[in-house]
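K.L.:
got a sequence here, can you model it:
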Amino acid sequence: MYQRCIIGRRLGCSKALRYKWSIRIKTDSKQSRQYKKIVKVSGYVNCDPSFAGHAKVINGASDLLVEVFGEKGKHTRVSVGVNSLAFDSSVELDLIAEI
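P.N.:
Presented below is the predicted three-dimensional model:
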């Protein structure tokens, strides 16, 4: 059975991941200026087949990267709905950055 989740909750999950991601980016690089650019973000949303708001959920991560990196944060993006994720997560994000 598919887990149903309203878009507001998914957006909340995406925002929480954004915050953790921001800290991780800054910790890993010590300064966000060390990144030349963000190349691509892939976002996976755990949802049932009728859900069509994938892009709205993943927009939060894309917005954060532009806030943190400015022009260097603009990137290509993919948002995909899947029927399950590890640890029953609501959202999973994958990022490629040029260093």
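
K.L.:
ok, residues contacting the top strand by length along the chain?
P.N.:
Secondary structure of the chain per DSSP state E: the longest strand is strand 37-46. Strand 37-46 has contacts (C-beta atoms under 8 Å, 6 or more residues apart in numbering) with 3, 5, 10, 14, 51, 53-54, 57-58, 61-62, 65, 69, 72-85, 88-98. Just so you know, the C-beta spots here come from the backbone N, C-alpha and C atoms, and that holds for glycine as well.

K.L.:
check contacts around residue 81.
P.N.:
Taking C-beta under 8 Å, 6+ apart as the criterion, residue 81 is in contact with 44, 45, 47, 49, 51, 52, 54.

K.L.:
distance to residue 35, neighbour count and pLDDT added to these, as JSON lines?
P.N.:
As requested, the contacts of residue 81 are exported to JSON lines (distance: C-beta to C-beta, whole Å; neighbours: other C-beta atoms under 10 Å; pLDDT from 0 to 100):
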{"residue": "44", "distance to residue 35": "23", "neighbour count": "22", "pLDDT": "91"}
{"residue": "45", "distance to residue 35": "25", "neighbour count": "25", "pLDDT": "88"}
{"residue": "47", "distance to residue 35": "30", "neighbour count": "25", "pLDDT": "87"}
{"residue": "49", "distance to residue 35": "36", "neighbour count": "8", "pLDDT": "88"}
{"residue": "51", "distance to residue 35": "32", "neighbour count": "17", "pLDDT": "86"}
{"residue": "52", "distance to residue 35": "32", "neighbour count": "10", "pLDDT": "85"}
{"residue": "54", "distance to residue 35": "26", "neighbour count": "20", "pLDDT": "86"}
